[in-house]
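A.B. asks: pasting the sequence and the predicted coordinates here, then a few questions.
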Protein chains: 2
Amino acid sequence: MCGALLKKLESYVRLSHSDKKALESAFAEAPNWVGARKDLIREGETPQGVNLIMEGWAYRYKQLEDGRRQILAFFLPGDLCDLNIELLRTMDHSIGAITSVKYQSVSSARIEQLTNTSPRVEKALHWETLVNIAIQREWTVNLGQRRGIERIAHLFCELFLRLSAIGQTSASECEMPLTQTDLADATGLSAVHANRVLQELRSTQVISFNGKKLKIHNFSLLREISLFDESYLHLHTEGSKFDAP
Amino acid sequence: MCGALLKKLESYVRLSHSDKKALESAFAEAPNWVGARKDLIREGETPQGVNLIMEGWAYRYKQLEDGRRQILAFFLPGDLCDLNIELLRTMDHSIGAITSVKYQSVSSARIEQLTNTSPRVEKALHWETLVNIAIQREWTVNLGQRRGIERIAHLFCELFLRLSAIGQTSASECEMPLTQTDLADATGLSAVHANRVLQELRSTQVISFNGKKLKIHNFSLLREISLFDESYLHLHTEGSKFDAP
DNA sequence: CGAGCGATTGATCATAATCAAGCGATGTGG
DNA sequence: CCACATCGCTTGATTATGATCAATCGCTCG
């Protein structure tokens, strides 16, 4: 069972029947569970293979000596944490669960076997990695150049589109199990200021956000506010060089 | 000729004689030159293989519609721009030269041939990629959590250590061909504020910085100011799992 | 020589952090 | 079951950090 991952990879490249079989059999181990707000792996530990998030949300973060926390990425269902990370001997960051999370840990040997079986899956996974790096770059732009309201609006645009790529949005609504403190730590704002930014977005009828649900009433305005340009997500695949026939 | 790259890879892993030969022959094409402040490749263009920076400094950047520019990375000699990027069909950012730059463009086919010849080089290049991603994450932390003076101090620490890994530092001095505007765009500050931060660092005897030279008089103080922890650079390799005999 | 760039300075303004307090919902132990 | 603690959200007041605007100066280069 790796439906969300498969769905996402298929938005990058057309896979053959045997590609899909290979993918499914690589991710067929018994899943693990971790409770909300627990860590999957901590800075300083030794990484073991890859984690595939199957259900729930997780996040990557780094903490400074004095306690300041920066959230570096959100992992949604179908996301892989750190392909190839086992080459580095110690984790330079931590990964934690936001909700309770169902995930699968896959050894690097198993991944290698998969990519040997199916070069197209290998490329799709590479693509996935490249997109994650592009997202990390865009977060750097977000923190360096955008103001508070722009940052939060941008993050909402990104998360909505990524959820939409795995079929987890309705027309204009999606899950958003983040606290305001999470939002603040992801956007480099204080929790108090994040709260005020949200109030502004709500009062201008752009979004509603409560009870872990985000509703975007005016996506094009949200995009305009945040100077959002989705091309960094590289979501659309027509004419990929390496499609299956 | 790929001395800086080789030197850097050897700080990750011990390579055999034939590994080095394979590496050298892959990067043996005639080099290209690009003038200072010219672009190597622009957002929206189609990427072709990999660029190895051989001499000079380059940088990765992204520009918002309204002109704001964020510098995302600096490329020093021995750095590879975007291994595997050719999978994505369009560049989502630009790469420009800071000084005049000597570089080599290598096709992805040639790279694949190299990694097929030498699995150890393949792993070293993977390592290199992972370190670049770790640097990108650290920049995200820098912009999200650190104040102006901490950001600039942190950047100086990083660049000094990276230059030191390729043998381009003397005791406490290194090249630093950045303008204050470059520094500002890399750290998400205004040029005016970057100037004031530099004055503060100079007046407290921590560094001197003029004429494209940076001198660090008190590295441990600089590290303390910026809460710098070099582990994200993953520079030290004793006991790597995949050393050559 | 003049233009333009990079560095610098001063004054003012905007954005966001910090501090402090309170509120409502949830959960827990006595 | 209630008392109490905790967490997440909210509000107001004050302060700090850094942006913006404007001007100057030195230097290099054509």
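C.D. replies: Okay, I see it.

A.B. asks: and the top helix by length along chain A with helix B:119-145, angle?
C.D. replies: Ranked by residue count, the top helix of chain A under DSSP state H comes out as helix A:119-145. Relative orientation of helix A:119-145 versus helix B:119-145 (axes from the mean of the first three to the mean of the last three C-alpha atoms, to 10 degrees): 30 degrees.

A.B. asks: pull out the buried positions in helix A:119-145.
C.D. replies: A:120-145 (16 or more other C-beta atoms under 10 Å in any protein chain shown). The way it works is simple: take the backbone N, C-alpha and C, and place the C-beta from them, glycine included.

A.B. asks: kindly report the domain assignment for chain A.
C.D. replies: A:3-136, A:147-226 (automatic domain parsing).

A.B. asks: tell me the bridge partners for the residue lying closest to residue A:33 once chain neighbours are set aside.
C.D. replies: Closest residue to residue A:33 apart from its sequence neighbours, by C-beta to C-beta, 6 or more residues apart in numbering or on different chains: residue A:102 at 5.6 Å. Going by DSSP bridges, residue A:102 is paired in beta bridges with residue A:33, residue A:55.

A.B. asks: contacting residues for residue A:102?
C.D. replies: A:31, A:32, A:33, A:53, A:54, A:55, A:56 (C-beta atoms under 8 Å, 6 or more residues apart in numbering or on different chains).

A.B. asks: how about the nearest residue to the spatially most central residue of chain A, chain neighbours excluded?
C.D. replies: The structure's chain A has its C-alpha centroid closest to residue A:75; by C-alpha atoms, centre = their mean the separation is 3.4 Å. What sits nearest to residue A:75 in space, not counting adjacent residues and going by C-beta to C-beta, 6+ apart, is residue A:58, at 4.1 Å.

A.B. asks: now swap in residue A:134 and tell me
C.D. replies: Residue A:134's closest residue in space is residue A:232 (C-beta to C-beta, 6+ apart), at 4.6 Å.

A.B. asks: thought residue A:175 was touching residue A:209?
C.D. replies: No - the criterion here is C-beta atoms under 8 Å, and residue A:175 misses it with residue A:209 at 11.2 Å.

A.B. asks: who's more crowded, these two?
C.D. replies: Remark: of residue A:175 and residue A:209, residue A:209 carries more neighbours, 19 against 16, as counted by other C-beta atoms under 10 Å in any protein chain shown.

A.B. asks: looking at the contacts of residue A:102, which is nearest residue A:15?
C.D. replies: residue A:54 (18.9 Å; C-beta to C-beta).

A.B. asks: I figured that closest one hits residue A:28, correct?
C.D. replies: No - taking contacts as C-beta under 8 Å, residue A:54 lies outside contact range of residue A:28: 11.7 Å.

A.B. asks: okay, the two: which has more neighbours?
C.D. replies: Of the pair residue A:54 and residue A:28, residue A:54 is the one with more neighbours under other C-beta under 10 Å, namely 21 against 13.

A.B. asks: can you tell me how far the more buried one sits from chain B?
C.D. replies: Taking C-beta to the nearest C-beta, to the nearest Å as the measure, residue A:54 falls 23 Å from chain B.

A.B. asks: same thing with residue A:50?
C.D. replies: For residue A:50, the distance to chain B - C-beta to the nearest C-beta - is 13 Å.

A.B. asks: list the contacts for that residue?
C.D. replies: A:80, A:81, A:82, A:83, A:85, A:105, A:106, A:108, A:111.

A.B. asks: got it, and residue A:81?
C.D. replies: Contacts of residue A:81 (C-beta under 8 Å, 6+ apart): A:40, A:50, A:51, A:52, A:53, A:58, A:60, A:75, A:95.

A.B. asks: buried members of those into ChimeraX, please.
C.D. replies: Applying 16+ other C-beta under 10 Å to these leaves a buried subset, and the ChimeraX line that selects it is:
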select /A:40,50,51,52,53,58,60,75,95
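
A.B. asks: farthest pair in the contacts of residue A:81?
C.D. replies: Going by C-beta to C-beta, the pair spanning these furthest: A:52 and A:60, at 14.6 Å.

A.B. asks: which parts of chain A sit against DNA strand C?
C.D. replies: Chain A has residues A:147, A:148, A:149, A:188, A:189, A:190, A:192, A:193 near DNA strand C, with proximity defined as C-beta under 7 Å from any atom of the strand.
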